[in-house]
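Asker: What shape does this take:
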Amino acid sequence: MENKIEKLSTVKITHSEDLYKIVDSLNRTLKEDDLMFGLALDDEDDGKAIFTIYRT
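Answerer: Predicted structure coming up:
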């Protein structure tokens, strides 16, 4: 069986050291609703992060 991950939304935001706490909380709270959240540093701008929402 193939597991598909669908990207629902991506937004570039100002990086903050506590952003990971929000993403962690969202992932723990909404995993039963087949949602997953990601956070990555922007390769082009050190002051920005990329927040992505996925449906699993």
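Asker: For the residue positioned nearest the centre of the chain, which residues are in contact?
Answerer: With distances taken as C-alpha atoms, centre = their mean, Gly38 lies nearest the centre of the chain, 2.1 Å away. Gly38 sits next to 23, 50-54 when contact means C-beta atoms under 8 Å, 6 or more residues apart in numbering. Where you see a C-beta, it was placed from the backbone N, CA and C, and this is true even at glycine.
Asker: switch the cut-off to 10 Å
Answerer: Contacts here follow C-beta atoms under 10 Å, 6 or more residues apart in numbering; on that basis Gly38 touches 5, 7, 10, 23, 27, 50-54.
Asker: Helices along this structure, start to end?
Answerer: Using DSSP state H, the helices of the chain run over residues 19-30.
Asker: ranges for the strands of it?
Answerer: Applying DSSP state E to the chain gives strands spanning 6-14, 35-41, 48-55.
Asker: Include neighbour count when you put the contacts of Gly38 into a markdown table, please.
Answerer: Below are the contacts of Gly38 laid out as a markdown table (neighbours: other C-beta atoms under 10 Å):
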| residue | neighbour count |
| --- | --- |
| Ile5 | 11 |
| Lys7 | 10 |
| Thr10 | 12 |
| Val23 | 16 |
| Asn27 | 14 |
| Ile50 | 16 |
| Phe51 | 17 |
| Thr52 | 15 |
| Ile53 | 16 |
| Tyr54 | 16 |
